[in-house]
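[1] compute the structure for the input listed below.
(one chain, ligands or ions: 1)
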Amino acid sequence: METKVKTPKVKICGMRYLPNVKEILEYQPDYLGFIFFVGSKRFTAAHEMDRIIKLDFGKTKRIGVFVNEEIDIILDFKERGYFSIVQLHGDESPEYVEKLSASGLEVIKAISVGDDFNKAQLKPFEGKVDYFLFDTKGKYRGGNGWKFNWNVLKDIDHQTPFFLSGGLTPDDVEKAVSLDIPELEALDFNSQLETKPGIKNINRVEELVKSLKEIKQTTLN
Ligand SMILES: O=C(O)c1ccccc1N[C@@H]1O[C@H](COP(=O)(O)O)[C@@H](O)[C@H]1O
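    Numbers count the residues shown, from 1 in each chain. Predicted structure coming up:
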């Protein structure tokens, strides 16, 4: 008998060029991520974002990615309509998260998973963040392009839904779904779909769509 599992949503991150955003929107991902960290190769400039938000996003939600940014800057970007969700990749505190939540933003706290990962670090954020995002610890704050050992996910008492990130490719969809963790909200794709930083390759996105279709034939949604 087939085992029925839930298909996670899809986030494509690190978008920055309007024509490429337009192409990717044709595939209606659940989330599109824009990185507002100047240290990133995928940094999205505000003047570009002002043009991007005029596109028809349909049901695709926009996520703003930040690293230790001033709260007022994030709130200003929210007011400009850049996003309704923020993804925090720095050393942001639970109090910082609470301030952003109070503004009506949904908050994703990125957790860098390395050999020193300790699930106790999640506790101060439980009940405060909307989602965790488990990413691979590396040289950069994000976008390192390789996977961490997903076995650590099985050892967490998931009280908060999460995004799975870190070097994901279309070939990883099946394995991620077979983890069979109901709190797995979304799979997050970034560098492994790229032609160059900030440009997503349509062929890779087609591969992703194919992988998702195959999974959906044996899943609930
Ligand atoms: O991609 C970046 O340059 C980046 C910089 C600073 C913070 C986050 C960043 N990207 C996020 O990193 C993860 C994993 O990306 P990858 O698949 O390993 O390339 C993803 O959530 C991006 O949003």
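[2] residues from this protein in reach of the ligand?
    Residues of the chain found near the ligand (CB under 6 Å from any ligand atom) are 13-14, 33, 35, 37, 40-42, 65, 67, 89, 133, 135, 140-145, 165-168, 188, 190-192. From N, CA and C alone the C-beta is placed, and that goes for glycine too.
[3] hmm, which of these are the buried ones?
    Using 16 or more other CB atoms under 10 Å as the burial test, the residues of the chain next to the ligand include 13-14, 33, 35, 37, 40, 42, 65, 67, 89, 133, 135, 140-145, 165-168, 188, 190-192 as buried.
[4] and the longest helix seen in the chain, what's buried?
    Scanning the chain for the helix with the most residues, using DSSP state H, yields helix 202-216. For helix 202-216, the neighbour count (16+ other CB under 10 Å) marks 204-205, 207-208, 211-212, 215 as buried.
[5] need the contact partners of that helix.
    Helix 202-216 is contacted from outside by 7, 10, 12, 23-24, 27, 170-171, 173-174, 177, 189, 192-194, using CB atoms under 8 Å, 6 or more residues apart in numbering.
[6] give me the phi and psi angles of Asp135.
    Asp135 adopts backbone torsions of phi -130, psi 160, taken as degrees, to the nearest 10.
[7] is it true that it touches Ile111?
    Yes: taking contacts as CB atoms under 8 Å, Asp135 lies within contact range of Ile111: 7.0 Å.
[8] the residue nearest to the spatial centre of the chain in helix, strand or coil?
    Among the residues of the chain, the one closest to the centroid is Asp188, at 4.5 Å (CA atoms, centre = their mean). Of the three states, Asp188 takes strand under DSSP: H, G, I helix; E, B strand; the rest coil.
[9] isn't it up against Lys11?
    Yes: counting by CB under 8 Å, Asp188 does reach Lys11; the two are 4.4 Å apart.
[10] ok, Glu92 touching Lys109?
    Yes: if you go by CB under 8 Å, Glu92 and Lys109 touch, sitting 7.0 Å apart.
[11] in the longest strand anywhere in the chain, which residues are buried?
    Identified as the longest strand of the chain according to DSSP state E is strand 106-113. Across strand 106-113, burial judged by 16+ other CB under 10 Å covers 106-113.
[12] only C-alpha atoms, please: export it in PDB.
    These are the backbone C-alpha positions of strand 106-113, laid out as PDB (Å, rounded to 0.1, in the frame of the first residue of the first chain):
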ATOM      1  CA  GLU A 106       5.300  37.000   9.500                       C
ATOM      2  CA  VAL A 107       8.800  36.000  10.700                       C
ATOM      3  CA  ILE A 108      11.000  33.100   9.700                       C
ATOM      4  CA  LYS A 109      14.200  32.600  11.800                       C
ATOM      5  CA  ALA A 110      17.000  30.900  10.000                       C
ATOM      6  CA  ILE A 111      19.000  28.400  12.000                       C
ATOM      7  CA  SER A 112      22.400  27.500  10.700                       C
ATOM      8  CA  VAL A 113      23.000  23.800  11.200                       C
END
